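Undergrad: Structure of the sequence below:
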Amino acid sequence: ARGASSNAGALVAIADRIDSLVGLFSVGLVPKSTADPFALRRAALGVVQTVIAAGYNVDLRDMVRISAGSIADQTGKDVPLDVQDAVLEFIAKRLEGYLLDNVGIRDDVVKTVLKVKRNERNVVLARALCETISAMINEDKEKIDMAQEAHSRAARLLNSIKDVSMDELVKREVIEETVDL
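TA: Now for the predicted structure:
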C-alpha cells in the first residue's frame, strides 16, 4: 500500500505539472515541432506516468479546469476553453506515445481507444481498456480474423456499387451465394 506521503507527493507532482501546462499554454508558450524550451512534453508525460503509477481514476479535464480556475483567480484573466482543450489534447498525445512505447499496445488498439474523448482524459481507464482489448485480440484471433474478412467483403461490395437499387443488391448476393455453393 502507498503511504500518505507518496500519495501527497504524487498529487503535488500532478498538480504542479498541470499548472505549468495550463499556465504556459494560456500565454501562448506551446511547444513547436522540436522546440520545447519549458519541457512541457516531459511534464505531460510525467502527468500520464504519475497518474497511472498511482492508479488515480481521475478525469484530467476536471484537473485542467481546476488549474485554469486557479490561474484565473490569481491573474484576473480567464483561461479560454480552447486553451484547456489544447492542454488535454497535448496530454493525450503523450498518453498515446506512452501506451505505444512503454506498454507495447498495438497502434490500432491505442488509436481506437483514444478516439473516444472520455478515454483520453482518464489515463488509467485508457490503459486498462487497451490492455483488455489486446488480451481479447490475442485470445480470439480466429474470430477477429473472420469478422475482419466479413467486414472487408461488405466494404468491397459497398464500394463497388454506385447507383444500384436494393433489389439489385439482393439479387447479386443471392447469385454470389449460389455460385459459392
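
Undergrad: so after the helix or strand Val109 falls within, what's the next helix or strand?
TA: Take DSSP states H and E as the rule and Val109 turns out to sit in helix 107-114. Sequence-wise, the next helix or strand beyond helix 107-114 is helix 117-121, with elements assigned using DSSP H and E.

Undergrad: Please pull up the helix or strand immediately following that following helix.
TA: As assigned by DSSP H and E, the chain's next helix or strand after helix 117-121 is helix 123-139.

Undergrad: what inclination does that next one have with respect to helix 107-114?
TA: Here helix 123-139 runs at an angle of 140 degrees relative to helix 107-114 (axes from the mean of the first three to the mean of the last three C-alpha atoms, to 10 degrees).

Undergrad: and the helix holding Val109, which residues are buried?
TA: Val109, Val110, Val113, Leu114 (16 or more other C-beta atoms under 10 Å). Where you see a C-beta, it was placed from the backbone N, CA and C, and this is true even at glycine.

Undergrad: got the contact list for Ala44?
TA: Counting by C-beta atoms under 8 Å, 6 or more residues apart in numbering, Ala44 makes contact with Arg17, Leu21, Phe90, Ile91, Lys93, Arg94.
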